[in-house]
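K.L.:
For reference, the sequence and a predicted model appear below.
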Amino acid sequence: MQWKWTHLFTRQPYRLGGQNLLRIFPNRTPGLGQRAVFNELQEIKTFRNRIAHHEAICFDENGNIDMSRTQNKYALILKYINFLGYKSSHLFYGIDILPDSTITKIEALK
């Protein structure tokens, strides 16, 4: 069995770790627990895998252009970067150059 980093947040590994794993997110929203963190990290991992496998990320399930899910996943990534205690504007300086106008251009293709 190949272990994935998100597996650390499943019930058994989380309990074996003394339930301290959430401390890696010092800016985590109060009350956001192990299960919610696991589910959101799974969403990020699934999105990452879609990109890694060159799957389309700008279409809905019917093949229509739709950037909303991609924008939501991107917001989730930024949320966890913040939870880790980093400022995304500093971390991605010079790298994160996808302006809103690009998203607007993609949406205009509908």
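P.N.:
In hand now; what should we look at?
K.L.:
C-alpha only now, for contacts and for neighbours.
P.N.:
Will do.
K.L.:
Flag the shaky bits of the chain, pLDDT-wise.
P.N.:
Along the chain, the parts satisfying pLDDT under 70 run over 1-3, 96-100.
K.L.:
where along it do the helices fall?
P.N.:
11-16, 34-52, 68-83, 88-91, 100-107 (DSSP state H).
K.L.:
Cys58: which of the ones you listed is closest?
P.N.:
Of all these, it is helix 68-83 that lies closest to Cys58, at 6.7 Å by C-alpha to C-alpha.
K.L.:
quick one: Phe25 and Met67, what's the gap?
P.N.:
As judged by C-alpha to C-alpha, to the nearest Å, Phe25 and Met67 stand 28 Å apart.
K.L.:
ok, now Asn39?
P.N.:
21 Å.
K.L.:
what do you get for Lys79?
P.N.:
18 Å.
K.L.:
Is it possible to get CSV of the helices of the chain that adds distance to Trp5 and mean neighbour count?
P.N.:
Listed next are those as CSV, based on distance: least, C-alpha to C-alpha, whole Å; neighbours: other C-alpha atoms under 10 Å:
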stretch, distance to Trp5, mean neighbour count
helix 11-16, 11, 13
helix 34-52, 9, 15
helix 68-83, 14, 16
helix 88-91, 21, 12
helix 100-107, 30, 12
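K.L.:
closest one to Phe59 among those helices?
P.N.:
Among the helices of the chain, helix 68-83 sits nearest to Phe59 (C-alpha to C-alpha), with 8.7 Å.
K.L.:
Now do that closest one: which elements does it pack against?
P.N.:
helix 34-52, helix 88-91 (3 or more C-alpha pairs under 8 Å, 6 or more residues apart in numbering; DSSP states H and E).
K.L.:
Can you list the helices and strands that the first one packs against?
P.N.:
When contacts are defined as 3+ C-alpha pairs under 8 Å, 6+ apart, helix 34-52 packs onto helix 11-16, helix 68-83.
K.L.:
Put together JSON lines for these, with distance to Glu61 on each row.
P.N.:
Below are these laid out as JSON lines (distance: least, C-alpha to C-alpha, whole Å):
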{"stretch": "helix 11-16", "distance to Glu61": "31"}
{"stretch": "helix 68-83", "distance to Glu61": "11"}
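K.L.:
Since that was my last question, I'll sign off now.
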